[in-house]
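Enquirer: quick one: sequence and predicted model below, then my questions.
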Amino acid sequence: MDSFTQIVLGIATAEVIAGKKLQNKTFLYGAILGTIPDLDVVVGKFMSAVDAVAIHRGMSHSLLFFAVLTPLLGFLIAKIEQDKIDFKKASWMVFWCLTTHVLLDAFTSWGTQIFWPIDYRMAIKTIFVIDPLYTIPLTIGLLFVWKNKENSLRKKYLYKGLVISSAYLVLTCLFKLTALHQFEKALEQQNNSYQEIIVKPTALNTILWNANVATTDGFLIADYSFFDTQPIAFTHYPKNKVLERKVEQVEDFKKLKKISEGWYLLTEEGNNLYFNDLRFGLLPSPSNQPKFVFSYEFVPNSEGKLIAVEVPRAKRDGVALLKGIFNRIKGN
């Protein structure tokens, strides 16, 4: 999730565990602890584009990492707040602030390697990385917590925010199951055989859903809005084995192939070769050439070896994407 949401969740978690002891200091500790797992982004600044993506939500989001970090930070907080909180309570606060961070990340399309070093990424895929409907109720609850010193009132507002936000997460799971059922029914009605399907929400909403469907020779991609009145239309994108042979020995290609979990397409424009991660959808494009949200271009480095460089996204791409989503939500 976005940094602000993780800070808000970190504060809420710290308040649940230590609000009575620390009062509004939970806002400081919760914000710091809720941010720590995402410091892998800072580490990624010193790495190649592909390696930075590979480590994101990896070790820093794992229970093993938290097991090491918890007693260290618990000891430090207990030392600083020795007249207010003991080591056990401080460590408990640290552990749950870190753990709720990755549990929330697990609901996104990218997911998280909570069981690192096991090579498995938990991704429930029911919310976008920014979701105001989750964040706003929790934020409002915490604003009332900040204004009140009485413990019973703080708990009242805090739990209201947590219940509403958590109920929304449960609701998104039901939305996803509904969308999945519609995609599967459409595939059956249109006599499309397939090997695997993943369904996830589009940006900033849980009304319009996107499906990636793996077939023997390519991928089917489609959208479904709860306001749709027309049948789901799938677009077929063939796998390009000829292009793949051009980069099959390139290290960055091997890494991206693993990162994408097999959900990728290679495309070519002129002499430019691109790796496209299918899991995050397409950008509006006036041409017949598909344009994906996450793409990497293979370019030679100073030594002549091919490396993958992320294709930058312009502001107008984001604006066009959101306009397209808004129109599509209405069933257009």
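Expert: Received, thanks. From a predicted model like this one, the values you see are computed outputs, not experimental measurements.
Enquirer: all contacts plus neighbour counts: C-alpha atoms, from now on.
Expert: Will do.
Enquirer: can you pull out the helices in the stretch 201-332 of the chain?
Expert: According to DSSP state H, counting those that start in this stretch, the stretch 201-332 of the chain carries its helices in the segments 241-247, 251-259, 315-329.
Enquirer: any idea which of these is most buried?
Expert: Comparing the helices of the stretch 201-332 of the chain by mean neighbour count (mean count of other CA atoms under 10 Å), helix 251-259 ranks first with a mean of 17.
Enquirer: what packs against the longest helix belonging to the chain?
Expert: If you go by DSSP state H, the chain has its longest helix at helix 151-189. Packing contacts for helix 151-189, counted by 3 or more CA pairs under 8 Å, 6 or more residues apart in numbering; DSSP states H and E, involve helix 3-22, helix 132-147, strand 196-201, strand 208-214, strand 218-225.
Enquirer: out of these, nearest to Glu297?
Expert: Between Glu297 and these, the shortest separation by CA to CA is 20.6 Å, and it involves strand 218-225.
Enquirer: direction included, what does that closest one pair up with?
Expert: strand 208-214 (antiparallel), strand 235-238 (antiparallel) (DSSP bridges).
Enquirer: which of those strands comes out lowest on mean pLDDT?
Expert: The stretch with the lowest mean pLDDT among the strands paired with strand 218-225 is strand 235-238, at a mean of 93.
Enquirer: check which residues of it are buried.
Expert: Of the residues in strand 235-238, none count as buried by neighbour count, 16 or more other CA atoms under 10 Å.
Enquirer: which residues sit against that strand?
Expert: Strand 235-238 is touched from outside by 217-222, with contacts defined as CA atoms under 8 Å, 6 or more residues apart in numbering.
Enquirer: where are the low-confidence patches of this protein?
Expert: Under the criterion pLDDT under 70, the flagged ranges of the chain are 284-288, 332.
Enquirer: tell me the domain ranges of it?
Expert: 3-124, 239-329 (automatic domain parsing).
Enquirer: please compute how far the longest one lies from its chain's middle.
Expert: In this case it means domain 3-124. Between the centre of domain 3-124 and the centre of its chain there are 16 Å (CA atoms, centre = their mean, to the nearest Å).
Enquirer: surely Val299 is in contact with Phe275?
Expert: No: applying CA atoms under 8 Å as the test, Val299 and Phe275 come out as separate, 11.4 Å apart.
Enquirer: among the two, which residue is more densely surrounded?
Expert: Comparing Val299 with Phe275 by neighbour count (other CA atoms under 10 Å), the higher total belongs to Phe275, at 25 against 15.
Enquirer: what residues sit buried inside stretch 107-127?
Expert: Within stretch 107-127, the residues scored as buried using 16+ other CA under 10 Å are 107-116, 121-127.
Enquirer: what's the first-to-last distance across that stretch?
Expert: Distance across stretch 107-127, first residue to last, is 6 Å (CA to CA, to the nearest Å).
Enquirer: distance from the chain centre to it, please.
Expert: In terms of CA atoms, centre = their mean, the gap separating the centre of stretch 107-127 from the centre of its chain is 8 Å.
Enquirer: can you pull out the residues in contact with it?
Expert: Looking at what lies outside stretch 107-127 - CA under 8 Å, 6+ apart - the contacts are 1, 57-59, 61-64, 102, 105-106, 128-129, 169, 172-173, 175-176, 199-201, 205-206, 279-280.
Enquirer: neighbours of the residue lying closest to Phe226 once chain neighbours are set aside, just the number please.
Expert: Setting aside the residues directly before and after it, Phe226 is nearest to Ile207 in space (CA to CA, 6 or more residues apart in numbering), at 5.9 Å. As a burial measure, the neighbour count of Ile207 was computed by other CA under 10 Å and equals 21.
Enquirer: quick check: Ile207 touching Lys200?
Expert: No: checked against CA under 8 Å, the pair Ile207 and Lys200 is beyond contact range at 10.5 Å.
Enquirer: so which of the domains of the chain is the most surrounded?
Expert: Across these, the average number of neighbours (mean count of other CA under 10 Å) peaks for domain 3-124, which reaches a mean of 20.
Enquirer: how long is that domain end to end?
Expert: End-to-end distance for domain 3-124: 19 Å, by CA to CA.
Enquirer: ranges for the helices of the stretch 1-150 of the chain?
Expert: Secondary structure of the stretch 1-150 of the chain by DSSP H, counting those that start in this stretch: the helices cover 3-22, 25-35, 40-44, 49-55, 63-80, 87-105, 132-147.
Enquirer: follow-up on the earlier one: ChimeraX command to pick out the buried ones of the contacts of strand 235-238?
Expert: The ChimeraX command for the buried members of these (criterion: 16+ other CA under 10 Å) is given here:
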select :218,219,220,221,222
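Enquirer: distance to Phe234 for the contacts of strand 235-238 - can I get that in a markdown table?
Expert: Listed next are those as a markdown table, based on distance: CA to CA, whole Å:
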| residue | distance to Phe234 |
| --- | --- |
| Asp217 | 15 |
| Gly218 | 12 |
| Phe219 | 9 |
| Leu220 | 6 |
| Ile221 | 5 |
| Ala222 | 5 |
